[in-house]
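Colleague: test case, fold it:
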Amino acid sequence: MSKRAAALCGAAVVTAATLTALPAEASALGTATTGSRTVRLTWKSCATKDHPTLQCASLKVPLDHRRPQGQKITLALSRVPHTARTYQGPLLVNPGGPGGSGLKLAGFVARSLPAKVAAQYDVIGFDPRGVGASKPALNCRPGHFDPVRPNSLPTTPAIEKANLARAESFAAACGKKYAQLLPFIDTTSTVRDMDAIRRALGAKKINYFGYSYGTYLGVVYARFFPERVRRLVLDSVVDPTDVWHEANLNQDVAFNDRHRAFLAWVAEHNATYGLGAGPEKIEASWYAMRAALAKKPAGGTVGASELEDTFIPGGYYNGYWPILAEAFAAYVRDKDPEPLVEAYEDIGAVDASGDNGYSVYTAVQCRDADWPRDWRRWRADNWAVYEKAPFMTWNNAWYNAPCAFWPTDSLRPVNVANGTLPPVLLFQATDDAATPYEGAVTVHHLLARSSLVVEEGGGNHGITLSGNACLDKHLAAYLTDGTVPRGYGEADAVCEALPDPEPTTATGKAASAPSNGSALHGLLGFRH
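Modeller: Numbering: from 1, shown residues only. Okay, here's the model as predicted:
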């Protein structure tokens, strides 16, 4: 254990907070009564090769929960049913976003947990309102991210004007296509959907496991319905006190640090990539590559903005580092743009599913909280951050810029402080860029009976069920019988991070065996 880990954790001890198991019954038909109306879920097989027991269903919920007899929308659900005699109820899972599809996550979680643990739960995935297979699904402006976009760095009035026009056009398209829906695409509406799912499952309480933005869903649900929470797992924790404008500015600084960690890794493996042994030199080469692509996009598709789109995922998950380093080296050292184009197509490009995810992302974030409506504020804030963190700042600003023109009023952020919950388990990497470490500490303080497990030195976003046995041991113990670690420092338990990846071999295979992380991060996506 490092000195920092010791300071975080103190002398950790483990206590058990075992909760009474729910009755051992769950049929293929879930029922719940709302007023005089009985809601029924009919589960049908939607099995895949990887998930042979996966089932699917749909649930109609009110568009406006204040008017339960009004217009309905449809939520898509998935389930891996429990098989053990001991049944601990439904475990709802969410991959984040906003805008992430949760249908496949149910199968992943059920397969990745220890078999004895997964067997005790109905693992429930769902596409939140507006997402994926739920109806209607939003797609405000198809092709919004088609290459080549304007340079994200607004060094001239013309470039700034072009980017502003894109942002304003996206907001206008959303308002025109979904005027009746947008006032109800927000976090609080989604957590009320989650409670409708609970009722339809016939459960008095739910267990919940959320990643990234899914952690915010979890704490807001717990604030609205504390008596209906049985167990709550939050991995890579959103700071609920700075949603969403400040959160994105804080992300920019953290992603810059994470990008520099990648460049240092490239320098460490200079024998493979040949870009130099000094991180400063490699950083200069990266920004020179960016400047060149702003003038002449690689393959006619990868300009400066697309380059950023390609490398930002490396800030979420270091499993992409070998691919990114190879593309970087091929362009700079060998004057070969093809690997860079391939990396963009594999990692950075946005397809129809991404268009849907971005539409819901903007709808939720722009509705959830106040954003500056005066572009001068955006300009000042982002140039100030850019001076110390140039990697992602302006790319991220334009990603969120539709909120400056959003056609709905905003809500107030939810105060999630909670002293009435059962024990809650938090997981956080110290160097996570998407949800910086301080946010997890904040939530740890706001949830009176929470325990925080820290991955010391880890930089990935989404860290459980990714190959770290220490983290997964705490997760399994909690889901088995409610056991949580209790320590005396800032964290209740500390796990060492997994080592960074090795460069790929001459055959194109990773030098070390791939972990479960690549599968998880394929489900979580980016921009959480």
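Colleague: E280 and G274, how far apart?
Modeller: 17 Å (Cβ to Cβ, to the nearest Å). To be clear about C-beta, it is placed using only N, CA and C from the backbone, and glycine gets the same treatment.
Colleague: repeat that for V39.
Modeller: V39 is 62 Å from G274, by Cβ to Cβ.
Colleague: among these two, which residue is more densely surrounded?
Modeller: V39 (18 against 13; other Cβ atoms under 10 Å).
Colleague: check contacts around the closest residue to L182 other than its chain neighbours.
Modeller: Computed as Cβ to Cβ, 6 or more residues apart in numbering, the closest residue to L182 that is not its neighbour in sequence is T408, at 4.9 Å. Residues near T408 by Cβ atoms under 8 Å, 6 or more residues apart in numbering: 175, 182-183, 366-367.
Colleague: out of those, list just those in helices.
Modeller: In helices, defined here by DSSP state H, the members of the contacts of T408 are 175, 366-367.
Colleague: which secondary element of the protein has the worst mean pLDDT?
Modeller: Every helix and strand in the chain was compared by mean pLDDT, DSSP states H and E; the lowest is strand 13-15, with a mean of 36.
Colleague: torsion angles phi and psi at the residue nearest to L182?
Modeller: Taking degrees, to the nearest 10, you get phi -120, psi 160 for the backbone angles of T408.
Colleague: again with the one 10 residues further on
Modeller: Dihedral angles of N418 (phi, psi; degrees, to the nearest 10) stand at phi -150, psi 120.
Colleague: hang on, isn't it packed against R223?
Modeller: Yes. At 5.9 Å, N418 counts as touching R223 under the criterion of Cβ atoms under 8 Å.
Colleague: let me know the helix or strand that L92 is in.
Modeller: strand 90-94 (DSSP states H and E).
Colleague: check what contacts that strand and list those residues.
Modeller: Under Cβ under 8 Å, 6+ apart, the answer for strand 90-94 is 100, 102, 105-106, 109, 121-126, 128, 194, 197-198, 201, 203, 206-211, 213-214, 217-218, 231, 479.
Colleague: ok, the residue nearest to L182 to V364 distance?
Modeller: In this view, T408 and V364 are 11 Å apart by Cβ to Cβ.
Colleague: and if you look at S285?
Modeller: For S285 relative to V364 (Cβ to Cβ), the value is 38 Å.
Colleague: neighbour count winner among the two?
Modeller: More crowded of S285 and V364, by other Cβ under 10 Å: V364, with 27 against 19.
Colleague: can you map out the helices along the stretch 151-300 of the chain?
Modeller: Remark: helices assigned in the stretch 151-300 of the chain by DSSP state H, counting those that start in this stretch are 157-177, 187-201, 213-224, 245-268, 270-273, 279-295.
Colleague: who wins for proximity to A440 among these?
Modeller: helix 213-224 (8.6 Å; Cβ to Cβ).
Colleague: C-terminal to whichever strand or helix holds K473, what's the next element?
Modeller: Element membership of K473, judged by DSSP H and E, is helix 469-481. Heading C-terminal from helix 469-481, the first helix or strand you meet, by DSSP H and E, is strand 484-486.
Colleague: what ranges does the stretch 1-150 of the chain have for its helices?
Modeller: Using DSSP H, counting those that start in this stretch, helices in the stretch 1-150 of the chain cover 3-9, 103-112, 115-118.
Colleague: now do the buried residues in the last one.
Modeller: Think helix 115-118. Using 16 or more other Cβ atoms under 10 Å as the burial criterion, the residues of helix 115-118 that qualify are 117-118.
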